[in-house]
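Peer 1: build me a model from this:
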Amino acid sequence: MHRLFPLLPLLLAGCGEPAPLPMAATAESSREALSAALDGWKAGKKPADLIAARPPLTFVDDDVNADAALVEYAVEGEGKPRGTGYAYTVALTLRGKDGKTRTKKTTYIVATNPNLAVIKDDRQ
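Peer 2: This next block holds a predicted model:
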């Protein structure tokens, strides 16, 4: 039994909380990716256009898929760390297929490593 005491630290080394995942973005890189996605949408680009760009950017938003046009946007405040990326609240002015304009707030989660990704967070 006494022979196991020197091994005790090694046996306990695997116990405890798992290490947190590293951040997949910086505040600066995530803000740039968010702006690239929203500026592209405002210019009439589709998600397929953004993924074909260099560097490729994955952009997921149901309003884009519904063919809503982005008239204007305003990022509210700084990004907040969420998971391995950053969360941004954005005020959007959209024009639907019917020509009507509406304003809404939404949150995007942004990561830039290993790939650029801007994903609408519907968990509000």
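Peer 1: from here on, contacts and neighbour counts on C-alpha atoms
Peer 2: Fine.
Peer 1: may I have the phi/psi pair for the residue nearest to Gly44 when sequence neighbours are not counted?
Peer 2: Ranked by C-alpha to C-alpha, 6 or more residues apart in numbering and with sequence neighbours excluded, the top spatial neighbour of Gly44 is Ala69, at 7.2 Å. Dihedral pair for Ala69: phi -90, psi 140, per degrees, to the nearest 10.
Peer 1: phi, psi of Asp63?
Peer 2: Note on Asp63: backbone dihedrals following degrees, to the nearest 10 are phi -70, psi -40.
Peer 1: this structure: strands as residue ranges?
Peer 2: Ranges of strands in the chain, per DSSP state E, are 57-60, 69-82, 85-95, 101-111, 116-121.
Peer 1: test my guess that Lys120 contacts Val60.
Peer 2: Yes: if you go by C-alpha atoms under 8 Å, Lys120 and Val60 touch, sitting 6.0 Å apart.
Peer 1: the more surrounded of the two?
Peer 2: The residue with more neighbours, out of Lys120 and Val60, is Lys120; 19 against 16, by other C-alpha atoms under 10 Å.
Peer 1: excluding chain neighbours, what is closest to that one?
Peer 2: Tyr108 (4.4 Å).
Peer 1: centre of the chain to stretch 86-97, how far?
Peer 2: Averaging C-alpha positions (C-alpha atoms, centre = their mean, to the nearest Å) puts stretch 86-97 14 Å from its chain's average.
Peer 1: let me see the contact set for the residue most central in space within the chain.
Peer 2: What sits nearest the mean C-alpha location of the chain, by C-alpha atoms, centre = their mean, is Val110, with 1.9 Å. Residues near Val110 by C-alpha atoms under 8 Å, 6 or more residues apart in numbering: 25, 30-31, 33-34, 85-88, 116-119.
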